[in-house]
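In: 3D model of this:
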Amino acid sequence: MISDEIRQKLQDIVRGACSERPADRCSKIRNDLVKSFGADPTVKSQFESRAVIKEKQADFLRILAEESGLWLASLPAGTEYLTRGGESKIYLDSDKLNLIKVNDAVYYATWLEFFTSVVIHNLLFPQTAYSSTPDGRIILIRNLD
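Out: Model prediction:
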């Protein structure tokens, strides 16, 4: 059963509201995207036309990552490739305890939709929440292939 608090948070996310005090980096990045690009949902017929917005959001995220020191040229040393799913390449971190998912957001019309999906997942499934590194960073990697 979903608590009233979680239900309210979901309603806020769906209507495009920003978190007042984001608890994690994914929520903060989502807030930044909403503030910069708005929160209009994408319907299937608009998917291709949103490619321009997605590219602008990618540029925005790239600048944000570079300014925050989150932009890496490659995966951290010692990571091991495991498999590829529909939207992600999965690596075992060098600590042999954590996974690193490299996602190209191919199933999302915009990067805002991707981060909204992550925030909703984390809200509904805290036991398998996507998290950032121990120092609180989301690592954005360029030119992985």
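
In: what about residue 49, how many residues close to it?
Out: Residues near residue 49, counting by other CB atoms under 10 Å, number 10. C-beta coordinates here come from the backbone N, C-alpha and C atoms, glycine included.

In: Give the helix, strand or coil label for it.
Out: helix (DSSP: H, G, I helix; E, B strand; the rest coil).

In: and the gap between it and residue 64?
Out: Distance, residue 49 to residue 64, using CB to CB, to the nearest Å: 24 Å.

In: next one: residue 70
Out: Residue 70 sits 8 Å away from residue 64, going by CB to CB.

In: try residue 53
Out: Taking CB to CB, one finds residue 53 at 16 Å from residue 64.

In: quick revisit: any shared contact partners between residue 70 and residue 64?
Out: Here residue 70 and residue 64 have no joint contacts, going by CB atoms under 8 Å, 6 or more residues apart in numbering.

In: then the strand or helix carrying residue 66 to CSV, C-alphas only?
Out: Counting by DSSP states H and E, the element that carries residue 66 is helix 51-68. Coordinates of each C-alpha in helix 51-68 appear next as CSV, following Å, rounded to 0.1, in the frame of the first residue of the first chain:
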residue,chain,number,x,y,z
ALA,A,51,14.7,15.4,-30.2
VAL,A,52,15.6,19.1,-30.4
ILE,A,53,14.6,19.6,-26.7
LYS,A,54,16.5,16.4,-25.7
GLU,A,55,19.7,17.7,-27.4
LYS,A,56,19.3,21.1,-25.7
GLN,A,57,18.8,19.2,-22.4
ALA,A,58,21.9,17.1,-23.1
ASP,A,59,23.9,20.3,-23.6
PHE,A,60,22.5,21.7,-20.4
LEU,A,61,23.4,18.5,-18.5
ARG,A,62,26.9,18.5,-20.1
ILE,A,63,27.6,22.1,-18.9
LEU,A,64,26.1,21.3,-15.4
ALA,A,65,28.3,18.2,-15.1
GLU,A,66,31.4,20.0,-16.3
GLU,A,67,30.8,22.9,-13.8
SER,A,68,30.2,20.4,-11.0
